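Engineer: have a look at this fold, sequence not included:
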């Protein structure tokens, strides 16, 4: 994030174009109890052929937000 290259910006634009095609689909999030803090959990799974970018999951409450 401190020094993005052209390849990073190309990837960001590709992701945004992909998401633009799904604007009408929405994102389904399950509610949490508002009187309690929302837990954030991070998990690290299998090795996935030594690719460190593809073996993590992040949950915000009960909702998967990154995998």
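Structural biologist: Looks like it arrived, so ask away. A quick note: this is a predicted structure, and the numbers were derived from the prediction, not measured.

Engineer: mind checking how far residue 22 is from residue 15?
Structural biologist: Distance of residue 22 to residue 15, given as Cβ to Cβ, to the nearest Å: 11 Å. Glycine gets a C-beta too; all of them are placed from N, C-alpha and C.

Engineer: which residues of this protein score low on pLDDT?
Structural biologist: Low-confidence segments of the chain, defined by pLDDT under 70: 27, 45-56, 66-67.

Engineer: can you map out the strands along it?
Structural biologist: With DSSP state E as the criterion, the chain has strands at 40-44, 56-60, 63-66.

Engineer: mind checking how far the residue lying farthest from the centre of the chain is from residue 57?
Structural biologist: In the chain, the residue that sits farthest from the middle, by Cα atoms, centre = their mean, is residue 35; the gap is 25.1 Å. Residue 35 sits 26 Å away from residue 57, going by Cβ to Cβ.

Engineer: got it, and residue 31?
Structural biologist: Distance from residue 31 to residue 57, by Cβ to Cβ: 20 Å.

Engineer: and what of residue 15?
Structural biologist: In terms of Cβ to Cβ, residue 15 sits 18 Å off from residue 57.

Engineer: give me the more crowded residue out of residue 31 and residue 57.
Structural biologist: Each of residue 31 and residue 57 has its neighbours counted (other Cβ atoms under 10 Å); residue 57 has more, 13 against 8.
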